[in-house]
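**Q** next input, structure requested:
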Amino acid sequence: MNISLLVLIVYIAITVGISLYFATKNNSLKQFSVADSGLGVPLIVALLFSELIAGAGTIGNAAEAFESGVSSVWANWGMAIGCVLFLLLAAKFYRAMCKTHGVVSIPEAYRLLFDSRCRTVLLVIVVVVYGIIYSSQPMAAASMLAPLLKIDTVIVSWIMAGIFVLITLFGGLKGIAWMNFVHAAVMYIGMIIVAVKSLSTVGGIDALQASLPSHFFDFGQPNWPTVIAYALGIGISFLASSTIVSAAYAAKSTRTCNKGIIISAVLIIPFALAPAVIGMCAKVYDPSISANSALFQMSDKLGVGFSALTSTAVMAAIASTAPALLIAVSTALGRDFYKGIIRQKATDREQLLFTKAMAIVVGFGANFFGLHTSSILNQMLGAFQIRSVVGIVLIAAIFWPRVTASAAFWSMLFGGTVAAVWHFGGNPGGIAPLWPAAAVCLIVLVSVTLRSKEKVSPGHLLYRQALQDMKTAESHIGVNGEAASIMPEDGPTEL
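**A** Sure thing, here's the model as predicted:
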């Protein structure tokens, strides 16, 4: 048996085994969705890496570097920017809403800050964005396994979708975090080793510079307005990232949350260079290969050991990303669609069952969409641009107390629609979706807010009180050395 195939099969088996271990530890929605708010710093970092070093994004990073050079790193660097922005601007908001009102999803937090209309709009955005990002994961895994198994890629993608669904159902957020701890280590170390070997094989940095056009070493390709739009769009979009918000909800304390986010941001900066270097080296070593296969082709040329290492590292990233995305989408649907709209008096068990059912539906449904997309990185970047509108509204509402629920609703609706239409329309005029979407969003937000006679919105007053309650609780250390929970015993607050 091919060594790469053997390693991948064993690795997948280990991943599934870890998820099965946690199968009996997810008996409530809070345990399944936010790990009962009990994760420490290492697991917070591991959880964040599920989005920061996604497999599809890593393959796309190398492919983009093969085509245009080192500027491909901005997809990952934008995420590092997002971690910093989240910590500075939004972390306190989400933790306060979780600790005082028991929220477990982003739309639920927006309902408390604004109203149910905003929750619905955000629910649609979360499902669309994470559905798009998830859709490329089974196909990315299949692109590695299908040639080794000598089975049709489409068939393998459906098999991988099934495996991701099982991992999600059995593991829950805590299981995913523990799996990601293993995945992140394999991914980080593996990619750096292969990058160093690739650079050595082509003759070092000097040889790389002599062989490639100068623009391959320009971080501003294709132009700085586009680079800034994508990096800033990704960064702002992290204010509404289900992965990082879940980490904030799941952390043992505010200090744990902050440390985990900072470490993640620092680690992603050097890592992003690894797949970019591999892609550029592949361009020098064999410019005739396909861009999307640059990562694997270059590793294969280094030898069977490096090929197996790359395959395992990318599979680690995919296996960490896909379940985390599924749990984000299914939690939002269970909490904000089923309980929020369909059955408002649903019990915790009913919500949990619906949430798991949605993981199955989305897990297989989104894969169908992924089979019909061409550019892995483009789909991911477009999804972040759509999500950035939600982050813009949150920043405004936190720092401008006057922002009303109506202003938030209409700005997210129109801004998100413009971003989606612009992205799926192929970026008319070469303009990134962030710019027209942000312009429309802010115009609507300001104009509708200024019509309000209230200087401070009811939602902002609720947020201030929640923040004060959380600070008070965290000043009284519980018996386990962490801040005591102040959520009402009968569950989340209903307004």
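**Q** and residue 444, how many neighbours does it have?
**A** Residue 444: 21 surrounding residues under other Cβ atoms under 10 Å. Any C-beta I mention is one placed from the backbone N, CA and C, and that applies to glycine too.
**Q** actually residue 334, sorry about that
**A** One way to gauge burial is a neighbour count; for residue 334, by other Cβ under 10 Å, it gives 27.
**Q** excluding chain neighbours, give the residue nearest to it in space.
**A** Setting aside the residues directly before and after it, residue 334 is nearest to residue 355 in space (Cβ to Cβ, 6 or more residues apart in numbering), at 3.1 Å.
**Q** tell me which element that neighbour falls in.
**A** Counting by DSSP states H and E, the secondary-structure element that holds residue 355 is helix 348-370.
**Q** what of residue 233?
**A** helix 224-237.
**Q** what element comes up after that helix heading to the C-terminus?
**A** Heading C-terminal from helix 224-237 (DSSP H and E), you reach helix 242-250.
**Q** what segments of the stretch 101-250 of the chain are strands?
**A** Here the stretch 101-250 of the chain has no strands by DSSP state E, counting those that start in this stretch.
**Q** could you count how many residues lie near residue 199?
**A** Residue 199: 18 surrounding residues under other Cβ under 10 Å.
**Q** if I pick it, what's in contact with it?
**A** Taking Cβ atoms under 8 Å, 6 or more residues apart in numbering as the criterion, residue 199 is in contact with 205, 208, 277, 281.
**Q** longest helix of the protein?
**A** In the chain, with assignment by DSSP state H, the single longest helix is helix 153-201.
**Q** okay, the angle between it and helix 242-250?
**A** Here helix 153-201 runs at an angle of 90 degrees relative to helix 242-250 (axes from the mean of the first three to the mean of the last three Cα atoms, to 10 degrees).
**Q** and the helix or strand hosting residue 460, how far out from the chain's middle?
**A** Taking DSSP H and E as the criterion, residue 460 maps to helix 458-474. Here helix 458-474 shows a centroid-to-chain-centroid distance of 27 Å under the convention Cα atoms, centre = their mean, to the nearest Å.
**Q** picking up where we left off before, just want the angle from the helix holding residue 355 to helix 153-201.
**A** Using the same axes, to 10 degrees, helix 348-370 lies at 70 degrees relative to helix 153-201.
**Q** now helix 348-370: buried residues?
**A** Judged by neighbour count using 16 or more other Cβ atoms under 10 Å, the buried positions of helix 348-370 are 351-352, 354-356, 358-360, 362-363, 366-367, 370.
**Q** out of those residues, flag the one nearest to residue 77.
**A** Distance to residue 77 across these (Cβ to Cβ) is lowest for residue 370, with 24.9 Å.
**Q** out of the contacts of residue 199, which end up buried?
**A** For these, a neighbour count by 16+ other Cβ under 10 Å gives the buried set as 208, 277, 281.
**Q** who's in contact with the closest residue to the second one other than its chain neighbours?
**A** This points to residue 277. Taking Cβ to Cβ, 6+ apart, and ignoring the residues beside it in sequence, residue 277 has residue 195 as its nearest neighbour in space, at 4.4 Å. Taking Cβ under 8 Å, 6+ apart as the criterion, residue 195 is in contact with 273, 274, 275, 277, 278, 281.
**Q** check which helix or strand covers the third one.
**A** Assigned by DSSP H and E, residue 275 belongs to helix 254-285.
**Q** for that helix, which positions count as buried?
**A** Buried residues in helix 254-285, defined by neighbour count with 16+ other Cβ under 10 Å: 254, 256-261, 263-265, 267-268, 271-285.
**Q** which one of the contacts of residue 199 is nearest to residue 94?
**A** Each of the contacts of residue 199 was scored against residue 94 by Cβ to Cβ, and residue 277 proved nearest at 35.3 Å.
**Q** mind listing what the closest one touches?
**A** With the criterion set at Cβ under 8 Å, 6+ apart, residue 277 makes contact with 65, 195, 198, 199.
**Q** buried ones in stretch 410-425, by neighbour count?
**A** For stretch 410-425, the buried set under the neighbour-count rule, 16+ other Cβ under 10 Å, comprises 410, 411, 412, 413, 414, 415, 416, 418, 419, 420, 422, 423.
**Q** residue 322 touches residue 164, doesn't it?
**A** Yes: contact criterion Cβ atoms under 8 Å: residue 322 and residue 164 qualify, at 4.1 Å.
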